[in-house]
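Undergrad: just to be clear, the model below is a prediction. Sequence and coordinates:
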Amino acid sequence: MLLDNFPHLATAKRRARVKDTLGGSKDSFTTLFTDRACWRQQASSREINTAQARDILISHKVFFAADPGLTTKDVLVIDGDTMSVRSYAHPDASAGLGVVWKVFVNLED
């Protein structure tokens with residue numbers, strides 16, 4: 001069954017702003033999980049347009065077999081690509097595979 005064999009592995013990191021040594025601020029990351037099975041897909045034109053209408057840039061959607069607990073403070077690294085999470089994880093049944101958890105992400109340069 002595909003839900004038991006997602007083709008990608010993700011590492012999730014949570015971003016937090018911390019003070020640097022000069023009194024400024026910088027991003028610091030805490031690892032939430034590593035090597036979690038997922039399925040990354042290109043977002044559809046309709047999904048991209050709906051997000052753009054809300055001033056949110058997305059490029060992909062990522063499915064997980066269970067709630068990954070991700071928020072918009074998180075980044076995912078999948079196959080060497082870093083992606084900013086643009087939505088909270090929510091249940092989704094549209095993949096035709098049963099209920100999976102989906103987040104929208106945007107590929108970073």
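TA: Sure thing, it's come through. Numbering: from 1, shown residues only.
Undergrad: let's verify the nearest residue to S84 once chain neighbours are set aside: helix, strand, or coil?
TA: Spatially, and ignoring its direct neighbours in sequence, S84 is nearest to N106 (5.1 Å; CB to CB, 6 or more residues apart in numbering). Just so you know, the C-beta spots here come from the backbone N, C-alpha and C atoms, and that holds for glycine as well. Per DSSP: H, G, I helix; E, B strand; the rest coil, the secondary structure class of N106 is strand.
Undergrad: contact partners for N106?
TA: By CB atoms under 8 Å, 6 or more residues apart in numbering, N106 lies in contact with L57, I58, S59, H60, M83, S84, R86.
Undergrad: you'd agree the second one is up against V103?
TA: No. With contact taken as CB atoms under 8 Å, I58 and V103 are classed as non-touching, separated by 9.6 Å.
Undergrad: now for the two: what residues contact both?
TA: With CB under 8 Å, 6+ apart, I58 and V103 have common neighbours R86, S87.
Undergrad: if you count surrounding residues, which of those two has more?
TA: V103 (27 against 21; other CB atoms under 10 Å).
Undergrad: thank you, goodbye.
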